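**Student:** please find the sequence and the predicted model below.
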Amino acid sequence: MRNYCLYKTALRLLIILSIIVSLAGCSHNTEKPIDPDREIVLAAARDLTPGDKDPYYTSSILQVWEPLIGISEDGRPAPKLAKSWEYSSDYTEWIFELAEGIKFHDGTPFNAAAVVKNFERYRNITPRVSTFYLFDINKIYPNLKKVEEIADNKVKLTFSQPFSTLIYSMTNFGSAMFSPYCFDSRTGNFSTAASGTGPFKISGHVAKQYTILERNDDYYGDKAKVKTIRIKNIPNAETRYSALKADEIMGVLDIGSLTPALTSELVKDSRFAVAIGKSTITHYLFCNGEKTPFNDPRMIRAVSLMINRDVLVKNFFHGYAMPMGNFLNGASPFSKEIKPRRNVEEAKELANAVLKSQRANITFLLPQYGIDRYPYKEITEFIQAELKELGLNASIVIMDWAAIQDARATGNYDIIIGTQGLPNFEPAILFKNYMKRTGSANMQYRLGYNNDEAELLLEQLDATLEIADRAKIYDRLQDISAESPPCIPLFADMNLAVYSKKIQNYEPLLYGITLDKIEWVK
Amino acid sequence: MNDFLFYLVKKILMIIPVLLGITIAAFILGIISPSDPAAVLLNMDGVSIPSIQEIANKRHELGLDRPYIIQYLSWLLQILHGDLGVSYITQRPIWDELMLRLPVTISLASFTLLLVMFTAIPLGVFMAYKNNSKSDFVLRTAALIVTSIPAFWLAILFMWIFSEELHLLPTSGYGTFAQMIMPSFALAAGTIGTLVRLQRATLLEVLEQHFILTAKAKGLPFPMIIWKHGLLNSLIPVITLLGNYFGAIISGSAVIESIFSLPGLGSYVLEAIRGRDYPAIQGYVIFTGLVFVLFNLLVDISYLLLNPKIRLGGK
């Protein structure tokens, strides 16, 4: 009787297992020829369509709207909706010639009147926060006096002060164009879904869940290859990884699309691939220059010389980052290559000179987002061990970013590991923020940076109009920042476009991926 | 009937000071939390570095430069008018934001609660019926194991087996029945374990009572004794736990929502905390506080229906 019961139980288990396996088998074996118009599903960590109150409604990477000035493949400002421009000799008047025959998704013609309306909106929304880029007309277009339509396809911008690097400032998010009928120019809020000129239209959006993009068949340029794309919002990196493995999504995009460790693990599976591109994000160590021991610039230099960036990139970023010695991110058109220097002996000498053979206890703050998105915990522990050799006993404290901002403002820290992105292609703002005595970052982050030559160069910058002359100043500022850094550059992020090999042409751009080029593999 | 009404009115009146306490706690939470919402907001893109003046302007715009007492009173007045304020981050009314996410959380909570009820109560009764048998021992051990497994670990395990390997269930999202299966099971497992043991223990305790002995002496069949006399009398602690549990899921199953990309209340408050969106956090605290209070009230009312002693005011 007992044996019979056991036999019955075993048989039941076997039947259940067979059902599960056959169901799983069915799901694998139902491969059908792929319809080229079948929807492609991708995923991002955040909702890329924040909606009506956002200055841009949707991220530029969804290619719904286009700017006046875009970015070329070599990472420089390039014509987009403005096909050319000219300026007065004193750089106070700029005339933009607009591309003709273009219509917004709602059928409204794109012309000078539409541009003027968009500038009216810019004024009314300033300043408007966004998870993409804060929009402030006074920062993107400083001293802008007026915007006029001088012909149906020509717009004139007049400034009260010369602005020679305008096109660097207005790339991408700086000059997003929308149909005047999709927003209320008084409040600046969108009254309908954003209607841009891009290769995709928004055909559906459920907040925090997904955005459906539909090909704009009236697009003036090369039309998108695929008819519909659904961008799902999957906040958790491990879930995005599982969704890729489960064939639910075909690729990931946007910041922190997949951590380097998960990317490295996923590409071991021959069904997946990764394409790598430049990113505007740099990882830094920010030192409190108002407190001992980092109030002595030699100590900051010692830390910079001590850190083995190659090991950090190779071991913790799985090679998906670029070691950096330059303060200015490599995606900037003004960036020059400065290889990071490592010299342990020199670092120890410098540290010894500052600490006078004593040891110092310091607080090393680690933001929670760095653990979620990057291998910051491991990196911090590695740096902690290196600092020990310099005589610094670092206590690592994990905090959320808002609490770190508070600690930074009150000076309750010694070192913070974190990121800084490029605000736009005009690096002056970044240099001023970090290297000027009164710079926002220098003061608020308590960097205590004080370099006479940098101060002088930044003053000269205001009076230097020619791009070539400004480039020389930027060159020198980069050299100064390498010798005497306001904060210690570690490595530049990489834009990881991880995708299933069921789709093709999935290439990373500086912002996003080649969404209009992707298609099913035939 | 009078006793019933008196009991109900007393319970409802007690809600008022509780809610007032919740508003004070929610407001103080915003004050004592580190960091300045204005600075966090202006640096939301991770790129912009606002100047001190810009931060001051933003603080003024948000009304954060007013004395705390004025801030609290105007906020309280606003709440009394049914307005929870506007989110710093999304700039939308918080009520709208909560209502957008509530259906997701209610679906998850309902699925989970049904799963817990229809699994744990019958199993607990079965274990009491088969007290100290082999099946009771096996189920008790299983209950202990599922209680000990963290929900997030179970979620990852489910995702690996049913999504990555078997391709049977979707990893994430909201809108279909299939999308609710894994989150509900992951969330329910621990409580099923706890409730099974509680149901078993309370039923066994009830079965020791004199009235059960009387029923046995009358010759009633044991299953009928359990069903008609034992189960109902053993349900009060179970219902208390279920009521609080439902409230707890409504107020935030943040980890599970985050893993399965469910845009519910839990993931909303996590985002609000990260962004120091105080109106959103405060609105959430008040809303979930209210939910908890209401569920406790419902549990209290269910006591009245289940236990005549309470209905009769202990007479």
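**Tutor:** Noted; the coordinates are in hand.
**Student:** ranges for the helices of the stretch 151-300 of chain B?
**Tutor:** B:151-158, B:177-206, B:210-217, B:222-225, B:231-251, B:254-259, B:265-274, B:278-306 (DSSP state H, counting those that start in this stretch).
**Student:** so who does residue 279 touch?
**Tutor:** Using chain A here. A:329, A:331, A:492-495, A:510 (C-beta atoms under 8 Å, 6 or more residues apart in numbering or on different chains). Heads up, the C-betas are built off the backbone N, CA and C, glycines and all.
**Student:** nope, chain B please
**Tutor:** B:84-88, B:94.
**Student:** picking that back up, nearest to residue A:473, out of the helices of the stretch 151-300 of chain B?
**Tutor:** helix B:265-274 (37.9 Å; C-beta to C-beta).
**Student:** need the contact partners of the closest one.
**Tutor:** Applying C-beta under 8 Å, 6+ apart, the contact partners of helix B:265-274 are A:208, A:235, A:369, A:400-402, B:87, B:89, B:97-98, B:101-102, B:104-105, B:250-258, B:277, B:280-281, B:284, B:287-288.
**Student:** now do 7 Å
**Tutor:** A:235, A:400, A:402, B:97-98, B:101-102, B:105, B:250, B:252-254, B:257-258, B:280-281, B:284 (C-beta atoms under 7 Å, 6 or more residues apart in numbering or on different chains).
**Student:** do stretch A:104-120 as well
**Tutor:** Here stretch A:104-120 has contacts from A:81, A:98, A:102-103, A:147, A:149, A:151-155, A:177-182, A:185, A:195-197, A:201, A:216, using C-beta under 7 Å, 6+ apart.
**Student:** narrow these to just the buried residues.
**Tutor:** Buried by 16 or more other C-beta atoms under 10 Å in any protein chain shown: A:81, A:98, A:102-103, A:147, A:149, A:153-155, A:177-180, A:182, A:185, A:195-197, A:201, A:216, out of these.
**Student:** ok, and which of those residues reach chain B?
**Tutor:** For chain B, no contacts are drawn from the buried ones among the contacts of stretch A:104-120 by C-beta under 7 Å from any C-beta of the partner chain.
**Student:** contacts only, for residue B:170.
**Tutor:** By C-beta under 7 Å, 6+ apart, the neighbours of residue B:170 are A:248, B:163, B:178-179.
**Student:** can you put those residues in a markdown table and add distance to residue A:267?
**Tutor:** Output for the contacts of residue B:170, formatted as a markdown table (distance: C-beta to C-beta, whole Å):
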| residue | distance to residue A:267 |
| --- | --- |
| A:248 | 18 |
| B:163 | 19 |
| B:178 | 29 |
| B:179 | 28 |
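**Student:** quick one: pLDDT of residue 17?
**Tutor:** Just so you know, I chose chain A. Looking at residue A:17, its pLDDT reads 52.
**Student:** not quite, go with chain B.
**Tutor:** For residue B:17, pLDDT reads 89.
**Student:** which helix or which strand is home to it?
**Tutor:** Element membership of residue B:17 [criterion: DSSP states H and E] is helix B:2-32.
**Student:** got the buried residues for that helix?
**Tutor:** B:7, B:22-23, B:26-27, B:30.
**Student:** helices or strands next to it in the packing?
**Tutor:** helix B:68-80, helix B:278-306 (3 or more C-beta pairs under 7 Å, 6 or more residues apart in numbering or on different chains; DSSP states H and E).
**Student:** how about residue B:137, what does it touch?
**Tutor:** Counting by C-beta under 7 Å, 6+ apart, residue B:137 makes contact with nothing.
**Student:** quick one: which of the helices and strands packed on helix B:2-32 is nearest residue B:121?
**Tutor:** helix B:278-306 (13.8 Å).
**Student:** how far is the closest one from where the chain is centred?
**Tutor:** 9 Å (C-alpha atoms, centre = their mean, to the nearest Å).
**Student:** so which bits of that helix are buried?
**Tutor:** B:278-289, B:291-293, B:295-297, B:299-300, B:302-304.
**Student:** burial count for the closest residue to residue A:402 other than its chain neighbours?
**Tutor:** Closest residue to residue A:402 apart from its sequence neighbours, by C-beta to C-beta, 6 or more residues apart in numbering or on different chains: residue B:35 at 3.9 Å. Applying other C-beta atoms under 10 Å in any protein chain shown, we find 19 residues neighbouring residue B:35.
**Student:** could you look up the SS state of residue B:35?
**Tutor:** Secondary structure state of residue B:35, per DSSP: H, G, I helix; E, B strand; the rest coil, is coil.
**Student:** report the contact partners of it.
**Tutor:** Neighbours of residue B:35 in contact, by C-beta under 7 Å, 6+ apart: A:402-403, A:405-406, B:276.
**Student:** quick check: phi and psi at it.
**Tutor:** Main-chain torsions, residue B:35, degrees, to the nearest 10: phi 90, psi 150.
**Student:** hmm, back to that, for the contacts of residue B:279, which one is nearest residue A:502?
**Tutor:** Of all the contacts of residue B:279, residue B:87 has the smallest distance to residue A:502: 38.7 Å, by C-beta to C-beta.
**Student:** report the closest residue of the stretch 151-300 of chain B relative to chain A.
**Tutor:** Among the residues of the stretch 151-300 of chain B, residue B:263 lies nearest to chain A; the distance is 3.6 Å by C-beta to the nearest C-beta.
**Student:** what sits against that residue?
**Tutor:** Shown in contact with residue B:263 (C-beta under 7 Å, 6+ apart): A:208-209, B:101, B:104, B:174.
**Student:** now residue B:41
**Tutor:** A:129, B:58, B:88.
**Student:** tell me if it really is in a strand.
**Tutor:** No - under three-state DSSP, residue B:41 sits outside any strand and is assigned helix.
**Student:** and it, what pLDDT?
**Tutor:** Reading off the model, residue B:41 has pLDDT 85.
**Student:** before we move on, what about residue A:4?
**Tutor:** Looking at residue A:4, its pLDDT is 49.
**Student:** can you pull the residues of chain A lying near chain B?
**Tutor:** Within reach of chain B by C-beta under 7 Å from any C-beta, chain A has these residues: A:20, A:23-24, A:27-28, A:50, A:53, A:129-134, A:207-209, A:232-236, A:238-239, A:242-243, A:245-248, A:400, A:402-403, A:405-406, A:419, A:421, A:423, A:433, A:440-441.
**Student:** report the buried members of the residues you listed.
**Tutor:** By 16+ other C-beta under 10 Å, the residues of chain A next to chain B give A:24, A:50, A:53, A:129-134, A:207-209, A:232-236, A:238-239, A:242-243, A:245-248, A:402-403, A:405-406, A:419, A:421, A:423, A:433, A:440-441 as buried.
**Student:** roughly how far does the nearest residue to residue B:216 once chain neighbours are set aside sit from residue B:214?
**Tutor:** Spatial nearest neighbour of residue B:216, excluding adjacent residues (C-beta to C-beta, 6+ apart): residue B:225 at 6.5 Å. Distance of residue B:225 to residue B:214, given as C-beta to C-beta, to the nearest Å: 10 Å.
**Student:** more neighbours, these two?
**Tutor:** Counted by other C-beta under 10 Å, residue B:225 and residue B:214 do not tie: residue B:225 has more neighbours, with 20 against 12.
**Student:** what separates the top strand by length along chain A from the chain centre, distance-wise?
**Tutor:** When chain A is parsed with DSSP state E, its longest strand is strand A:272-287. Remark: strand A:272-287 is offset 9 Å from the chain centroid, using C-alpha atoms, centre = their mean.
**Student:** kindly report the same for stretch A:51-63.
**Tutor:** The answer for stretch A:51-63 is 15 Å, by C-alpha atoms, centre = their mean.
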